[in-house]
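Colleague: only geometry, no sequence info:
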């Protein structure tokens, strides 16, 4: 049985296949849950890297590896080009 995370990840892979990137708009009308999910991954990754266990919300190395395997960008294209999550 797939988890909600795995379902969104599969949707992200489909988005990337169609659009050539994984930078889902916050308000993506074709899939309203996907944009907020992508932002949540960035948020959780930032806290994971900072060692904040309470706010990393299930971010695991396995999930990081999966996201990076499809070229996931940890920096929002809409944010500052100098802002990074590392």
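Modeller: Done, it's in. What you see is a predicted model, and the numbers here were worked out from it, not measured in a lab. Numbering: from 1, shown residues only.
Colleague: how about the strands in the protein?
Modeller: Applying DSSP state E to the chain gives no strands.
Colleague: Skipping its backbone neighbours, what lies nearest residue 73 in space?
Modeller: residue 23 (6.0 Å; Cβ to Cβ, 6 or more residues apart in numbering). Every C-beta, even on glycine, is put in place using the N, C-alpha and C of the backbone.
Colleague: Mind listing what's buried along stretch 33-47?
Modeller: 34, 35, 37, 38, 41, 42, 44, 45, 46, 47 (16 or more other Cβ atoms under 10 Å).
Colleague: And the contacts of that stretch?
Modeller: 8, 11-12, 15, 22-28, 54-59, 63-64, 67, 72, 74-76, 85 (Cβ atoms under 8 Å, 6 or more residues apart in numbering).
Colleague: Same question for stretch 2-15.
Modeller: 22, 24, 28, 31, 33-34, 37-38, 58, 63, 66-67, 70, 72.
Colleague: sorry, back to before: next step: the buried residues of stretch 33-47 restricted to helices.
Modeller: With helices taken from DSSP state H, the overlap with the buried residues of stretch 33-47 comprises 34, 35, 37, 38, 41, 42, 44, 45, 46, 47.
Colleague: how near is the closest residue to residue 26 other than its chain neighbours to residue 68?
Modeller: Excluding its sequence neighbours, the residue lying closest to residue 26 (Cβ to Cβ, 6+ apart) is residue 35, at 4.3 Å. Shown here: residue 35 relative to residue 68, a distance of 19 Å by Cβ to Cβ, to the nearest Å.
Colleague: Count residues in the vicinity of residue 13, would you?
Modeller: Residues lying near residue 13 (other Cβ atoms under 10 Å) number 14.
Colleague: and what of residue 11?
Modeller: Residue 11: 18 surrounding residues under other Cβ under 10 Å.
Colleague: quick one, helices of the chain?
Modeller: Using DSSP H, helices in the chain cover 4-19, 34-50, 61-69.
Colleague: Mean pLDDT for those helices - can I get that in JSON lines?
Modeller: Putting those into JSON lines (pLDDT from 0 to 100) gives the following:
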{"stretch": "helix 4-19", "mean pLDDT": "96"}
{"stretch": "helix 34-50", "mean pLDDT": "93"}
{"stretch": "helix 61-69", "mean pLDDT": "95"}
